[in-house]
Structure formats: structure tokens, C-alpha cells
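Visitor: pasting a predicted model and its sequence here:
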There are 2 protein chains.
Amino acid sequence: MTRSEENYLKTIFHLGSGDEGSINTNAIAEQMETKPSSVTDMAKKLAEKGLVNYKKYQGISLTDAGVKTALSIVRKHRLWETFLVEKLDFAWDEVHEVAEQLEHIKSEKLIDKLDQLLKFPKYDPHGDPIPGKNGEFQEHNKDLLSELPVGAHGICVGVKDSSSAFLQYLDKHEISIGKPIQILGKEAFDGSLHLKIGEREHTVSHQIACNIYLK
Amino acid sequence: MTRSEENYLKTIFHLGSGDEGSINTNAIAEQMETKPSSVTDMAKKLAEKGLVNYKKYQGISLTDAGVKTALSIVRKHRLWETFLVEKLDFAWDEVHEVAEQLEHIKSEKLIDKLDQLLKFPKYDPHGDPIPGKNGEFQEHNKDLLSELPVGAHGICVGVKDSSSAFLQYLDKHEISIGKPIQILGKEAFDGSLHLKIGEREHTVSHQIACNIYLK
DNA sequence: AATTAAATTTAGACAAATCTAAAAATAGTT
DNA sequence: AACTATTTTTAGATTTGTCTAAATTTAATT
Ligand SMILES: [Mn+2]
Ligand SMILES: [Mn+2]
Ligand SMILES: [Mn+2]
Ligand SMILES: [Mn+2]
């Protein structure tokens, strides 16, 4: 399994985990910052190996074997992110790029020992669930902040956008996983929300609210 | 800098650190389990980048920039090996292969934080010195067991052969870094040595004695 | 010095992963 | 239904790293 194949499988897994069904060539290309023709080439190769279902012009989906492989990469990615934050004092906006490399290290013993060192964490620094050795994981029962009514309150349990820019915005406004958040008001015109975050009050745009999960 | 380029630089560094001067194409090929023609190709590329001195049929040597790069890879390799043993309970014969992958992860912050987590170790699990951020390191003042006279005694501070097979042999005979060793006698016929290792006595072949460093 | 052997380089090929440009298929619209 | 726009695939080229086989250079031996 090459690094490129692994990256494709992971991308297809992430694009497919929302709605069911098969994924567009173009969507994969955009996500991976590559060209559609490259995606087609890889689709054929992965189909050859039994990791994706692929028929010309019909889109791409993971087989059971493909899902299993994707989950093992996601597991590694998220365990490494957790390691970087918990053991090496990285900030949560600094870990993704490094984990993108570390997820391709091949050693089952390494990842199991890492899991043990971290005390078998269930969620990564962004609130995303960490699959276990056999691919099992429990997603938080969560809602997007933007879809909750005025008056709702809960705990921040995750973010949808893990970009450095967004996470730094959250840091600046003291929004982090575990923080209690209450919706004090909603602006009808642009959908911006007036929030109580811990002890402070802040107003955030609709775009921000679309990327924060509450429980 | 590609993974392959890094592996070549590291190999040239290791082959050259003994005697001075330039390294044979064939020696590099053998060490890397590749063909001499591939070495020539890479020599040209690395020369182009100013990392090696290369003139046709004249052998290959590292430039200052090449040494600097090689040292940074060796630093990463040995810090990761130390991490695997100290933090993840790997045995010293299990770390090399994984470190061979980890040494190529690109993140200066990662390696500096790892160094800090490990409390700035000076030597790796095989007794090899770990270069610092700026490439500085102090080699142990050590001697090969095979070159010491009868009666000599010292502490095992390193191994020359880091292969799994050799390290497992040492484990079996309870030879490890830090163990006091004394030469009780030498067999003239085949050069085998009768040793006192800690409290026990053992006889080891000349081949074994050629791969153990004492101080 | 001539010959043989060994080391090294060149030439040409290949697989992996990507790209551009053009062709083909599908989807959307009058 | 015909036309247009979008998506997807194909064909052919490129880069990186490798290989084999043949040619060249250097080293060793008669
Ligand atoms: Mn990756
Ligand atoms: Mn994450
Ligand atoms: Mn090693
Ligand atoms: Mn390596």
C-alpha cells in the first residue's frame, strides 16, 4: 500500500461518511488538490486491488476492505494528533500537517503502543472519534451550533473545520473543546449568533457557527 | 529533499565516517541493496544540489551541506529509536526498521519537542551518539572488545552491528549497554574470548567480540 | 606493456504518480 | 428532442527512482 493510495482511501472515506452512495471524481480531485484525470487513474488501481467499487462514469465508493484500510489510517492520524498535543505540547492547530505524514508509518506495534501510552483515547484534539484496532468507534451525539435554537446550551465537543485559521480564531475567542456555550440570541439578517462562552459573551458569524459542534 | 535522497546521504555519511576520503559506488550500492548504476544516477543529482562532491570514476563524498543534512537525519533516526525504547517499551532490536521510516518525517518542531520529552539524550539505545540541533555530538571514547588484551575490563557502551539477530544474541547472553565486562582469557586458535559479564562467565566468538564496544 | 579483471558509467527501458489537452459520456436547459 | 454545459475518461507526456545490458574507465596481473 503506497502513501498515495492511502491518501486517496482516506479522502474517499471522509467524503463518503456524510451521505451514502458513491463519490464524484471531481470532489476527490478538489479535496486532494489534484486533477480529475489523476483520480480516474487511481480509481482503476484501487478497484484492481479490491479497495473501491468503480465503474466508468458511475463514481467511486469504498469496498469493505477499503473502509477497513481507511479506518486504520484515520486511527493512526488521530492517535498521532493526540500524541502531539498530549505529549509534545503542540497546539491543536499545528498537528494536522505532521499527522498527515505520521499516519503512513507502517508498524502495528508502534500504533498499539502509542494507543497504550495515551491511555486509549476515544477522541482526538478536534473532538473526532478515534477508531479502535478493529475499526469500531462511537461518534459524539452532537449538533451544529448553527442548527440549534435560541436558548439552547451545551458543551463544545468538536469542530467541523480543522484548518489552522479557524482553530486560531477559536483560540482567540476562547472557544475550546469542553467549554459550555449558550445561544443568547440570533440575528435574523445574517444568521450571526450572540453567545455566552464560559463566563464571557461573544457574537460569532453564521459561518463560524456552522463549524462548531455542541452536545 | 526526497526520502531516497535522504537515505543516500545517510548511507554515504555512515560509510565515510570511518576513514576519510571518497566512497565507492559499489559500497553504497551494496549497503543500500540497490545497483551501482542507480548510485551513479543519484550521485549526479546530489552533486547538482551541492550535497556531494562527485567526479566520474573518482568516488563520492559529502560536502559540508551534505554532512549537515546527513547529521539531521541521523539525529532524527536516533531520537526516534530512543523514544521507541524509552516511551513505548520497544526492545533495542525492534527499533531500527521503524526509525528508518520515522527519520523522514518533516517537522523541526516535532523533533525538538521529542528531544525535550526524552530529556536531551546523548546516546541512542545502541550506544551511538545523538547529534544536537547544530550537528554537534561527542562519540564515546571506546574500544572494540576484540582489540583489548587479556585482563582488560570496562563497561559495554555500544555495539557495532545493530542487526536484530546480533542484538538478540546479546540479550540471550545478558550483554547490554552499561554491563561491566572483563576479558578472562583468549583462545589463540580462533580468537574466541572467555569473558566475565556482570557476575557470569561466558565464551564468545571473535566475530561477536568484533561488534562490542567497551569503555 | 599487454592482457585480464573489476569498478563505474551510459543508454535505454520500466513502473508509479502525476499532468495537459482532447475526446466521450452524462446532466441540464431551452 | 436538440443543444449546451459539466463531468469524466482517454491518450500521450513528464518526473522520480529504479533496473538490465552494454560500453568505458581504472586497477591488477601476467
Ligand atoms: Mn497523509
Ligand atoms: Mn483531527
Ligand atoms: Mn538504527
Ligand atoms: Mn530511511
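Guide: Alright, I've got the coordinates. The structure presented is a predicted model; accordingly, all values stated were derived computationally and were not measured. Ligands and ions are numbered 1, 2, ... in the order given.

Visitor: neighbouring strands - and their directions - for the helix or strand encompassing A:Ile183?
Guide: Following DSSP states H and E, one finds A:Ile183 within strand A:180-186. With DSSP bridges as the test, strand A:180-186 is paired with strand A:153-159 (antiparallel), strand A:193-197 (antiparallel).

Visitor: mean pLDDT, distance to A:Glu103 and mean neighbour count added to these, as CSV?
Guide: From N, CA and C alone the C-beta is placed, and that goes for glycine too. Formatted as CSV, these follow (pLDDT from 0 to 100; distance: least, CB to CB, whole Å; neighbours: other CB atoms under 10 Å in any protein chain shown):
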stretch, mean pLDDT, distance to A:Glu103, mean neighbour count
strand A:153-159, 96, 19, 18
strand A:193-197, 95, 32, 18
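
Visitor: go through those strands and name the closest to A:Lys45.
Guide: Nearest to A:Lys45 among the strands paired with strand A:180-186 is strand A:153-159 (33.2 Å), distances taken as CB to CB.

Visitor: ranges for the helices of chain A?
Guide: Here chain A has its helices, by DSSP state H, at A:3-16, A:25-32, A:36-48, A:64-88, A:95-102, A:108-117, A:164-172, A:206-209.

Visitor: and chain A, what are its domains?
Guide: A:3-62, A:143-214 (automatic domain parsing).

Visitor: so which of the ones you listed gets nearest ligand 2?
Guide: domain A:143-214 (5.3 Å; CB to the ion).

Visitor: start to end distance for that closest one?
Guide: 5 Å (CA to CA, to the nearest Å).

Visitor: the domains of chain A into JSON lines, with extra columns for distance to A:Glu108?
Guide: Below are the domains of chain A laid out as JSON lines (distance: least, CB to CB, whole Å):
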{"stretch": "domain A:3-62", "distance to A:Glu108": "15"}
{"stretch": "domain A:143-214", "distance to A:Glu108": "26"}
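
Visitor: picking up where we left off before, what's the closest of the strands paired with strand A:180-186 to B:Pro121?
Guide: strand A:153-159 (36.0 Å).

Visitor: and that closest one, how far out from the chain middle?
Guide: Strand A:153-159 sits 15 Å away from the centroid of its parent chain (CA atoms, centre = their mean, to the nearest Å).

Visitor: could I get it in PDB with only the CA atoms?
Guide: Provided in PDB are the C-alpha atoms of strand A:153-159 (Å, rounded to 0.1, in the frame of the first residue of the first chain):
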ATOM      1  CA  HIS A 153     -26.900  25.400  25.600                       C
ATOM      2  CA  GLY A 154     -24.400  22.600  25.700                       C
ATOM      3  CA  ILE A 155     -20.700  21.700  25.700                       C
ATOM      4  CA  CYS A 156     -18.400  22.200  22.700                       C
ATOM      5  CA  VAL A 157     -17.400  18.700  21.700                       C
ATOM      6  CA  GLY A 158     -15.900  19.200  18.300                       C
ATOM      7  CA  VAL A 159     -15.200  21.300  15.200                       C
END
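
Visitor: next to ligand 2, which bits of chain A? Give me the list.
Guide: A:Glu81, A:Asp124, A:His126, A:Asp128 (CB under 5 Å from the ion).

Visitor: give me the neighbour count for the residue in chain A positioned nearest to DNA strand C.
Guide: Residue nearest to DNA strand C within chain A (CB to the nearest atom of the strand): A:Thr2, separated by 3.0 Å. Per other CB atoms under 10 Å in any protein chain shown, the neighbour tally for A:Thr2 reads 10.

Visitor: phi, psi for it please.
Guide: Main-chain torsions, A:Thr2, degrees, to the nearest 10: phi -80, psi 170.

Visitor: pLDDT score for A:Gln138?
Guide: A:Gln138 is assigned 88 on the pLDDT scale.

Visitor: and if you look at A:Asp19?
Guide: Reported pLDDT for A:Asp19: 67.

Visitor: nearest to B:Thr63, of the domains of chain A?
Guide: domain A:3-62 (29.4 Å).

Visitor: how about the residue in chain A that ligand 2 sits nearest to, what does it touch?
Guide: Minimum separation of chain A from ligand 2 (CB to the ion) falls at A:His126, amounting to 4.0 Å. Residues in contact with A:His126 (CB atoms under 8 Å, 6 or more residues apart in numbering or on different chains) are A:Glu81, A:Trp92, A:Gly158, A:Val159, A:Ser162, A:Leu167, A:Ile177.

Visitor: quick one: the most far-flung residue of chain A relative to its centre and B:Lys44, what's the gap?
Guide: Distance from the centre of chain A peaks at A:Phe189, with 30.3 Å (CA atoms, centre = their mean). Distance from A:Phe189 to B:Lys44, counting by CB to CB, to the nearest Å: 64 Å.
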